[in-house]
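# Just the structure for this:
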Amino acid sequence: MAFLPRVQAECTNQDRCSNKYNTEHRVYRRTYWNLTEVPRDIPAEALEVHLYINRITSVSPGAFSHLSQCKLLSLKSNALRTISDDSFLGLKSLETLILNYNRLPALPAKVFSHLSKCKHLEINFNDIKILTAESFTGLYSLEALSLYNNDITTLPPGVFSSLSQCKRLWLSNNKISTITTNSFTGLTSLELLRLEHNSIHTLPAGVFQDLSECKTLDLGSNAISSVASGCFTGLHSLEELILYNNKIPSLPPGVFDPLLSVKSINLFNNQLSTLSPDDFIHLSRPLKLILSCPDGDANPWDCSSLCWVKHEVQHGTITRATVDVESCGAPGESLCCAWPLFTTMWCEKNYSQCDHHTSFCFSP
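Model (predicted):
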């Protein structure tokens, strides 16, 4: 086997390089040093280790094994391609691990199994395509997991099952096409789920049934064309539901009934033509209902189905329902649409000004 000569790490930016150990705060920094491997001079008592903006491609087993007191480790903006289940061995006090802006293609089983105290894990802007059912095993204290801007296509059943303490999960800007009733199993403490900018096409019944504490669910900018009855079952604490920029043609009767705490529903830019008041009758008021915006809307609204919306806006029980009535259905389709959906008083209170020609409210 041929051995390559060791390359001496050199600072690539003299004005920005950092190679200091702050003894008072016990913080080790070595950034912009063109490092290709984890340095071996990190003091054992370090509480924070910052190795970002280098060229580290892998973390050898036990590279941090002597850092039993370390609470924060940043390896962002390197060239990491591989990590193993022993890469983070010994980091028994670690609370924050940052791996953003690397080239990781996958998260192997039990890769974080030694990080039982970790609360915040960021792996954004990588090349992750594959997750296994054991990718997050051992992260029993995790409160926030961020995986946005990767290439994840599927969520294996039970992939998050060990994250019972997790409160915030970002999966935005991936390539997820399918979610099932087992996709979010175990996330019983989750309060925020971000799934916008994926390729999800169906919301099956019971898909969010374990998310009883979730307050915000963002499903915007997907390809959702099918919404099953019972898909929002279990979301008793949900306050904000975001469904804009999808392809939803209709809503099954009672689909929103489980949302006992909801305060805002965004349906902008779908393929909806009608809205039944019966689908909203069990929801608390006031309700923020976003149906379109002044920049345009793909929903081909039948104005006659929105009379109840106008009535509620006038009475203040729906606090926002931006609809361009002039482009809604055929002219004169319904007398209900002969008047703007907004009163000048409501517009000026919430948006400062009102355009009487289009009924749009806006800020100057």
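
# Correct me if wrong, but residue 313 is in a strand.
No - the assignment for residue 313, made by DSSP: H, G, I helix; E, B strand; the rest coil, is helix rather than a strand.

# how close does it get to residue 227?
Between residue 313 and residue 227 the distance, using CB to CB, to the nearest Å, works out to 24 Å. (Glycine included, C-beta is placed from N, CA and C.)

# hey, where'd the helices end up in the stretch 251-364 of the chain?
307-315, 344-351 (DSSP state H, counting those that start in this stretch).

# Worst mean pLDDT among these?
Note on those: helix 344-351 shows the lowest mean pLDDT, a mean of 40.

# what stretches of the stretch 151-300 of the chain score poorly on pLDDT?
293-297 (pLDDT under 70).

# Point out where the stretch 1-150 of the chain drops to low pLDDT.
In the stretch 1-150 of the chain, residues with pLDDT under 70: 1-18.

# Let's see that with 90 instead.
1-21, 85, 108 (pLDDT under 90).

# residue boundaries of the strands in it?
Assigned by DSSP state E, counting those that start in this stretch, the stretch 1-150 of the chain shows strands spanning 18-22, 27-31, 48-50, 72-74, 96-98, 106-107, 120-122, 130-131, 144-146.

# Ok, which of those strands comes nearest residue 174?
Nearest of those to residue 174, taken as CB to CB: strand 130-131 at 10.3 Å.

# Give the partner strands of the closest one in its sheet and their orientations.
strand 106-107 (parallel) (DSSP bridges).

# tell me how far the partner strand is from the chain's mean position?
19 Å (CA atoms, centre = their mean, to the nearest Å).

# and the strands of the stretch 1-150 of the chain as CSV, adding distance to residue 190?
Listed next are the strands of the stretch 1-150 of the chain as CSV, based on distance: least, CB to CB, whole Å:
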stretch, distance to residue 190
strand 18-22, 36
strand 27-31, 32
strand 48-50, 28
strand 72-74, 24
strand 96-98, 19
strand 106-107, 19
strand 120-122, 14
strand 130-131, 17
strand 144-146, 10
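
# okay, the ones you listed in TSV with mean neighbour count and distance to residue 62 next?
Listed next are the strands of the stretch 1-150 of the chain as TSV, based on neighbours: other CB atoms under 10 Å; distance: least, CB to CB, whole Å:
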stretch	mean neighbour count	distance to residue 62
strand 18-22	13	21
strand 27-31	20	17
strand 48-50	20	15
strand 72-74	20	14
strand 96-98	19	16
strand 106-107	21	19
strand 120-122	20	20
strand 130-131	18	25
strand 144-146	19	25
